[in-house]
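**Q** No sequence on hand, only this structure:
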């Protein structure tokens, strides 16, 4: 019992300290120590093995994504390509549609196989130019950035090669296109709700007198400065590296068996092309060095949180929680929703919660006689609810890239990454009850 209390206290402490602006690494270590002491774990193995292994597994798996993504973003920023893209978009559709532009752009990028870690670095300089022009506060950026990649193209939309959409295929014998009607309808519903929510949030911020305020490291050209805009690279040249990035990832995914490898190859190709196009606008050594530093800093912060998750999952109390959740006697769909969400909330990982549930109760879910395609899509959708806690990797990354404080941003993130996908899950359940698939 003390161990379970320890997990609750550790999570509460972690969230409290994050909101107070403590460094994520310090928060992760302190919260991990609470779990270690209350669970009766040996301190050295807990940190040297459980924490360290989760830390290095995440850092080792994603370091190329983080560093290449940050380098690409920095090249696009320093060359003026990001501002050129933002200027072209504003001129084409108007600054009043910035929210719709960001939602559509992240939908295209993430559906094209680009992960949220790369999207964050790529979109940030573009979004800052757009936000400045539309006078939107930076506080809505993390939630708006994650709204689509952390819901629709992670768990709901059919055909996306996301990890969460692939995990159920092994258990249920399905494909990533499982339950296409439910997946498509719920995806559209999420997009509409996100657009409505962030449009309302932007108006509310304006009514409260909240405006765009650039961070100390933000260097943003004023799109109304004709002389500055005149010196930007052409829109075609600016868009070209991103177009090549999306297209090359699609091609490489047909040629290599590891999706991350395909993304890395696409990133390298996009970076090389950007350097060729903008070499005369850059101090290449400085841009690549700054990008590398930014990527490594974000990677270390995010990996620390994953280390905390490793300690949580290694604690005896966590296994007791999982056993209790999986022993609940209730409707299979309701049990999946409740269990997956609670495990995701504790670990801060959608894929972790989905994996744990399916590894334990996947065969039972199949034995219920429910269409495997329905099980695939609804279990996948359930993992996109309470996974977006303040200690979730994507949430941490978005705030790290934007250098925003969780206390100012999380209220928006919680709505678009927790409440809206949960509503979409129940919409999917309703569609299933009506006989749709």
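**A** Great, that's in hand. None of the values given here were measured: they were computed from a predicted structure. Numbering: from 1, shown residues only.

**Q** ok, the residue positioned nearest the centre of the chain - contacts?
**A** Centre of the chain computed as the mean C-alpha position; nearest residue by CA atoms, centre = their mean is residue 394, 3.7 Å away. For residue 394, the residues meeting the contact criterion (CB atoms under 8 Å, 6 or more residues apart in numbering) are 116, 146, 149, 150, 388. In this view, the C-beta of every residue, glycine as well, is placed from N, C-alpha and C.

**Q** Check the residues you listed for burial and list the buried ones.
**A** When burial is judged by neighbour count using 16 or more other CB atoms under 10 Å, the buried members of those are 116, 146, 149, 150, 388.

**Q** For this protein, give me the ranges with low pLDDT.
**A** Screening the chain residue by residue with the criterion pLDDT under 70, one finds the ranges 222-228.

**Q** so where's the longest helix in it?
**A** With DSSP state H setting the assignment, residue counts place helix 284-314 as the longest helix in the chain.

**Q** Run the chain-centre distance for it.
**A** For helix 284-314, the distance from its own C-alpha centre to the chain's C-alpha centre is 14 Å (CA atoms, centre = their mean, to the nearest Å).

**Q** just checking, next helix/strand downstream of that helix?
**A** Next helix or strand after helix 284-314 toward the C-terminus (DSSP states H and E): helix 316-326.

**Q** what helices or strands is that next one leaning on?
**A** In terms of contacts (3 or more CB pairs under 8 Å, 6 or more residues apart in numbering; DSSP states H and E), helix 316-326 is packed against helix 2-19, helix 24-39, helix 332-347, helix 350-367.

**Q** Which residues belonging to the second one are considered buried?
**A** This means helix 24-39. Applying 16+ other CB under 10 Å to helix 24-39 flags 24, 27, 28, 29, 31, 32, 33, 34, 35, 36, 38, 39 as buried.

**Q** between these, which is nearest residue 360?
**A** Relative to residue 360, the closest of the buried residues of helix 24-39 is residue 39; by CB to CB it sits at 20.4 Å.

**Q** if I pick the closest one, what's in contact with it?
**A** Residue 39 touches 2, 3, 6, 7, 315, 316, 317, counting by CB under 8 Å, 6+ apart.

**Q** Could I have the ChimeraX command that selects the buried members from those residues?
**A** The buried residues among the contacts of residue 39 can be selected in ChimeraX (16+ other CB under 10 Å) with this line:
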select :3,6,7,315,317
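
**Q** how many other residues sit next to residue 398?
**A** Taking other CB atoms under 10 Å as the neighbour definition, residue 398 ends up with a count of 30.

**Q** Can you tell me how far it is from residue 163?
**A** From residue 398 across to residue 163, the span is 18 Å (CB to CB, to the nearest Å).

**Q** Could you measure from the closest residue to residue 372 other than its chain neighbours over to residue 370?
**A** Excluding the flanking residues, the one nearest residue 372 by CB to CB, 6 or more residues apart in numbering is residue 172, at 4.0 Å. In this structure, residue 172 and residue 370 are 10 Å apart, going by CB to CB.

**Q** So which of these two has more stuff around it?
**A** residue 172 (22 against 16).

**Q** Might you report the residue contacts of that one?
**A** Taking CB under 8 Å, 6+ apart as the criterion, residue 172 is in contact with 178, 362, 365, 366, 372, 373, 375, 376.
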